[in-house]
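# Model the following, please.
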Amino acid sequence: MGLSKRKLGLLLSTKPEHGNLSTAVQLSRAALDRDVDLYLYLIDDGVLTKDRPEIRELAERGAKLFVCAYGCQKRRIPLSDPDRFNYCGLVVLTDLINGCDRFLAFN
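Residues are numbered from 1 along each chain as shown. Modelled structure (predicted):
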């Protein structure tokens, strides 16, 4: 069975300078190259990565981006660019975990 239309969920909760960002982006690119449906959820300090160019690139390539609204509020980050991001909470995260074929957390 190929990977086409399989669903991969990734959670990123660390600051932009942490190595998890690079790992998550590289894995995301590889998944998108193989026609996998990619769901990226940014939570906690991961919300600080939402405006980075590599995250923007993933969105342009078809990744579905979700950002924890509470994490943004707590860090005083405006809920900008609603066309690119889905601002949501833990209920959506639970749905992603349950709805993906594989789900990986980078904490």
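# measure stretch 57-72 end to end?
In terms of C-alpha to C-alpha, to the nearest Å, the two terminal residues of stretch 57-72 are separated by 21 Å.
# Run through the residues that contact V67.
Residues near V67 by C-beta atoms under 8 Å, 6 or more residues apart in numbering: 41-42, 47, 50, 79, 85-88. C-betas here are computed from N, CA, C, even on glycine.
# now those in JSON lines, with distance to T23 and neighbour count?
Shown next, in JSON lines, are the contacts of V67 (distance: C-beta to C-beta, whole Å; neighbours: other C-beta atoms under 10 Å):
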{"residue": "Y41", "distance to T23": "15", "neighbour count": "24"}
{"residue": "L42", "distance to T23": "14", "neighbour count": "23"}
{"residue": "V47", "distance to T23": "18", "neighbour count": "24"}
{"residue": "K50", "distance to T23": "17", "neighbour count": "25"}
{"residue": "L79", "distance to T23": "27", "neighbour count": "12"}
{"residue": "F85", "distance to T23": "21", "neighbour count": "21"}
{"residue": "N86", "distance to T23": "23", "neighbour count": "13"}
{"residue": "Y87", "distance to T23": "24", "neighbour count": "20"}
{"residue": "C88", "distance to T23": "23", "neighbour count": "16"}
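# now for those, which pair is the farthest apart?
Greatest spacing in the contacts of V67, by C-beta to C-beta: Y41 and L79 (15.3 Å).
# taking the contacts of V67 one by one, which sit in strands?
Cross-referencing these against strands under DSSP state E gives 41-42, 86-88.
# Redo these as TSV? Include distance to L21 and pLDDT.
Shown next, in TSV, are the ones in strands among the contacts of V67 (distance: C-beta to C-beta, whole Å; pLDDT from 0 to 100):
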residue	distance to L21	pLDDT
Y41	14	98
L42	10	98
N86	20	91
Y87	20	93
C88	21	94
